[in-house]
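K.L.:
no sequence on hand, only this structure:
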């Protein structure tokens, strides 16, 4: 514990801005992954334990596309769209066969694909670390906020996550598609009786959740080291986010992701040996005080 260092950072605007920026970066990546995880669970009732592997695969898709084209836009679209297609195929060929089965069956299937995808990445891209590097478009000097430097790519990541979150919330809360999705989460039999193709709907929802994981991986590729198994840590933190924010809540995922990002950023200064403990402690408090999550609905 180093409260002196934490107080010193909070007393410096430059350090505070830097740590806030770091927290926002961590939070935005967590939000994109956790929102997809929460959406899939809320509608399909499936705990997608392979979601972290989807994040990893999205990063590698972006890496491969960037090497081939040199365009970050193409790389980002490859990571997001590639995982949307992969997610739709995964749901169609494998996942839909175990709907309504024991949760252990779901976990075993998803964990099997975690191992399979990790090995596929090793075969295709190798087991060594990969670096995509910062795209040329963002190789510009950082701008300063209250004396703290904010790299241009970090600002782009934060803005992208905010826009994606806003569009996702609007689509779920204000559109006909969102109403159908929310209805299917509550009573899929009634939705099917009204003439809605629930099979296609489930595939679309899973593809959307997978796309969010792929988009997070594509955004992380320029600033993260790519390695097989890189999705495990963010998967665990995403589960923490969904528990704190509330399963199925996009707003809850956003708020919880920012909280976890802030805890990681400032906790690394004041509690460097207890950062993970702080996250799990917050989750435990939420489970005790409000088991449905901060924005989750009581079942």
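P.N.:
In hand now; what should we look at? These figures come from a predicted structure and were not determined experimentally.

K.L.:
so what's the residue count around residue 291?
P.N.:
If you count neighbours by other CB atoms under 10 Å, residue 291 ends up with 12. C-beta coordinates here come from the backbone N, C-alpha and C atoms, glycine included.

K.L.:
can you check residue 143 too?
P.N.:
Residue 143 has 11 nearby residues by other CB under 10 Å.

K.L.:
what's the closest non-adjacent residue to it?
P.N.:
residue 150 (5.8 Å; CB to CB, 6 or more residues apart in numbering).

K.L.:
next: residue 237.
P.N.:
residue 30 is the one closest to residue 237 (CB to CB, 6+ apart), at 5.7 Å.

K.L.:
so the residue nearest to residue 143 is in contact with residue 14, correct?
P.N.:
No - counting by CB atoms under 8 Å, residue 150 stays clear of residue 14, with 10.9 Å between them.

K.L.:
coming back round to it: show me what contacts the residue nearest to residue 143?
P.N.:
Residues near residue 150 by CB atoms under 8 Å, 6 or more residues apart in numbering: 17, 21, 142-144.

K.L.:
hey, where'd the helices end up in the stretch 101-250 of the chain?
P.N.:
Taking DSSP state H, counting those that start in this stretch to define them, one finds helices in the stretch 101-250 of the chain at 103-125, 152-174, 176-186, 188-193, 198-220, 231-245, 250-270.

K.L.:
show me the shaky parts of the protein.
P.N.:
297-299 (pLDDT under 70).

K.L.:
the residue nearest to residue 237 is in contact with residue 260, isn't it?
P.N.:
Yes - using CB under 8 Å, residue 30 is in contact with residue 260, at 5.9 Å.

K.L.:
need the overlap of contacts for these two.
P.N.:
Common neighbours of residue 30 and residue 260 (criterion: CB under 8 Å, 6+ apart): 237, 241.

K.L.:
how about the nearest residue to residue 178, chain neighbours excluded?
P.N.:
residue 172 (4.0 Å).

K.L.:
please apply the same query to residue 263.
P.N.:
Spatial nearest neighbour of residue 263, excluding adjacent residues (CB to CB, 6+ apart): residue 278 at 5.1 Å.

K.L.:
helix or strand: which one has the residue nearest in space to the middle of the chain?
P.N.:
Nearest to the mean C-alpha position of the chain, by CA atoms, centre = their mean, lies residue 33 at 1.1 Å. Element membership for residue 33, per DSSP states H and E: helix 13-44.

K.L.:
of all the residues in that helix, which ones are buried?
P.N.:
Buried residues in helix 13-44, defined by neighbour count with 16 or more other CB atoms under 10 Å: 15-44.

K.L.:
relative to helix 250-270, how tilted is it?
P.N.:
Relative orientation of helix 13-44 and helix 250-270, computed by axes from the mean of the first three to the mean of the last three CA atoms, to 10 degrees: 140 degrees.

K.L.:
so helix 13-44 versus helix 103-125, what angle?
P.N.:
Using the same axes, to 10 degrees: helix 13-44 against helix 103-125 is 120 degrees.

K.L.:
next one: helix 13-44 to chain centre, how far?
P.N.:
Computed by CA atoms, centre = their mean, to the nearest Å, the chain-centroid distance of helix 13-44 equals 7 Å.

K.L.:
give the other helices and strands that that helix contacts.
P.N.:
If you count contacts as 3 or more CB pairs under 8 Å, 6 or more residues apart in numbering; DSSP states H and E, helix 13-44 packs onto helix 3-10, helix 51-69, strand 148-150, helix 152-174, helix 176-186, helix 198-220, helix 231-245, helix 250-270.

K.L.:
kindly recompute the last result at 6 Å.
P.N.:
strand 148-150, helix 152-174, helix 176-186, helix 198-220, helix 231-245, helix 250-270 (3 or more CB pairs under 6 Å, 6 or more residues apart in numbering; DSSP states H and E).

K.L.:
what residues sit buried inside the second one?
P.N.:
Read that as helix 152-174. So helix 152-174, judged by 16+ other CB under 10 Å, has buried residues 153-158, 160-161, 164-165, 168-169, 172.

K.L.:
neighbouring contacts of that helix?
P.N.:
21, 24-25, 28, 31-32, 138, 140, 178, 219, 250, 254 (CB atoms under 6 Å, 6 or more residues apart in numbering).

K.L.:
out of those, what pair is the most spread apart?
P.N.:
Spatial extent of these (CB to CB) is set by the pair 140 and 178 at 37.7 Å.
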